[in-house]
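Student: build me a model:
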Amino acid sequence: MTSPLATPAAPFGRVLTAMVTPFTPDGALDLDATKKLASYLVDEGSDGIVVSGTTGESPTTNPDEDGQLLAAVLEAVGDRASVVAGVGNNDTQASARLARQAASLGAHGMLLVSPYYNKPPQAGLVRHFMTVADAGDGVPVMLYDIPGRAVVRIAPETYAEVAKHEAIVAVKDAVGDLGSGARLMRETGLAWYSGDDPLNLAWLAYGAAGLVSVVSHVAAAKYASMVRAVDDGRLHDARTINDELLDVVAAIMPPTSQGAIMTKAALQLMGVIENRTTRSPYVDATDEQVTALAQVLRDATLLKD
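Tutor: Okay, here's the model as predicted:
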């Protein structure tokens, strides 16, 4: 199913949130909270939701749970936003099964991360991406290049090959190499999305289609304003917004924790979810971390007392 917000330049919208997965205190899926959160994110300015990505703790959810989460989000947001299903796995056939499930449930897109840990050669990446894209029955695919987690980096020649697949239309870039990304945008014609919140403004300035953000859980409206400012050539305004969010980005994505952990703490502080439960091997944010985070959010006027 095509995204309701698809354009050739931005096939999944402009500001996508890599959504956390709400759990009950005992670690079970909380589907009611999932629906509430998805609706909240769209109401606050996200025009896309990524379900079962890394921030959604996908390594700890099983395929049946992934399907339940996707169905819940689709029900909650309808055609108000693009719903992109994470289908990445380091087993090609497991990813293909997730792709078929996503297509059958009506996902608007799929996020396909490079196979992690088993460190395949570039020929293996090509076969993996093509096989999973074929399994998705035409659902548009966003590749996810994140060598910090996957170990391997997608090579230019691999991009050139997989860009020939009609379903592979975009890339979420968390490589941190702006120069290389700019060349790949020009040479492949794929839509580029920032996958690294500290570099959101830089990627937009380089011509990225949009953002796949974690910090947009608490700042989607600001990021949407930043996108519009760049589109309009108001770079000073875009820089001002970026400056306002620097401390928030650092607090949500600290080197000593993970985005999912601190995002859940932020959403609990804001009253969007009831608890900040994560699944092991993550650990929940400590009270000290939550106190420090609350002050940062207040200073940025994102949290009211």
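
Student: please name the residues that touch the closest residue to residue 213 other than its chain neighbours.
Tutor: The spatially closest residue to residue 213, leaving aside those adjacent along the chain, is residue 197, at 5.5 Å (C-beta to C-beta, 6 or more residues apart in numbering). Where you see a C-beta, it was placed from the backbone N, CA and C, and this is true even at glycine. Contacts here follow C-beta atoms under 8 Å, 6 or more residues apart in numbering; on that basis residue 197 touches 211, 213-215, 249, 252-253.

Student: what number of residues lie near residue 281?
Tutor: Neighbourhood size, residue 281 [other C-beta atoms under 10 Å]: 9.

Student: could I get the phi/psi values of it?
Tutor: Dihedral pair for residue 281: phi -90, psi 0, per degrees, to the nearest 10.

Student: likewise residue 143?
Tutor: The phi/psi pair for residue 143 (degrees, to the nearest 10) is phi -70, psi 150.

Student: which SS class is the residue lying closest to it once chain neighbours are set aside?
Tutor: Excluding the flanking residues, the one nearest residue 143 by C-beta to C-beta, 6+ apart is residue 171, at 5.0 Å. Under DSSP: H, G, I helix; E, B strand; the rest coil, the three-state class of residue 171 is strand.

Student: and the pLDDT at residue 171?
Tutor: Listed pLDDT for residue 171 reads 98.

Student: tell me what whichever strand or helix holds residue 65 is packed against?
Tutor: Secondary-structure assignment from DSSP states H and E places residue 65 in helix 63-77. Contacts defined by 3 or more C-beta pairs under 8 Å, 6 or more residues apart in numbering; DSSP states H and E place helix 63-77 against helix 31-43, strand 48-51, strand 82-86, helix 92-105.

Student: how would you label residue 166: helix, strand or coil?
Tutor: Secondary structure, three-state DSSP: residue 166 is coil.

Student: isn't the residue nearest to residue 143 up against residue 194?
Tutor: No: Residue 171 lies out of contact with residue 194 (C-beta atoms under 8 Å); the separation is 10.2 Å.

Student: this structure: strands as residue ranges?
Tutor: With DSSP state E as the criterion, the chain has strands at 15-18, 48-51, 82-86, 109-113, 141-145, 168-173, 191-194, 210-213.

Student: tell me the contacts of the residue lying closest to residue 293 once chain neighbours are set aside?
Tutor: Spatially, and ignoring its direct neighbours in sequence, residue 293 is nearest to residue 251 (5.2 Å; C-beta to C-beta, 6+ apart). Residue 251 makes contacts with 262, 292-293, 296-297, as judged by C-beta under 8 Å, 6+ apart.

Student: if we use 7 Å, what do you get?
Tutor: If you count contacts by C-beta atoms under 7 Å, 6 or more residues apart in numbering, residue 251 has them with 262, 293, 296.

Student: just residue 21 next, same as before
Tutor: 56-57, 61, 69.

Student: circling back: now the residue nearest to residue 293: how far from residue 231?
Tutor: 28 Å (C-beta to C-beta, to the nearest Å).

Student: same check, this time on residue 44
Tutor: In this view, residue 44 and residue 231 are 20 Å apart by C-beta to C-beta.

Student: more crowded one of these two?
Tutor: In this view residue 44 and residue 231 are compared by other C-beta under 10 Å, and residue 44 has more residues nearby, 18 against 11.

Student: how many neighbours does residue 241 have?
Tutor: Neighbours of residue 241 (other C-beta under 10 Å): 22.

Student: any idea how far it lies from residue 185?
Tutor: 23 Å.

Student: next: residue 95.
Tutor: In this view, residue 95 and residue 185 are 25 Å apart by C-beta to C-beta.

Student: the two: who's more crowded?
Tutor: Neighbour tally, residue 95 and residue 185, criterion other C-beta under 10 Å: the higher count belongs to residue 95, 25 against 19.

Student: show me the contacts for that one.
Tutor: Neighbours of residue 95 in contact, by C-beta under 7 Å, 6+ apart: 87-89, 112, 132.

Student: top of the residues you listed by neighbour count?
Tutor: residue 87 (33 neighbours).

Student: could you measure from that residue over to residue 2?
Tutor: Per C-beta to C-beta, residue 87 is found 17 Å from residue 2.

Student: disregarding residues adjacent in the polypeptide, which is nearest to residue 264?
Tutor: Here the nearest residue to residue 264 in space, its sequence neighbours aside, is residue 276; by C-beta to C-beta, 6+ apart that works out to 4.0 Å.

Student: and residue 45, by the same measure?
Tutor: residue 220 is the one closest to residue 45 (C-beta to C-beta, 6+ apart), at 3.6 Å.
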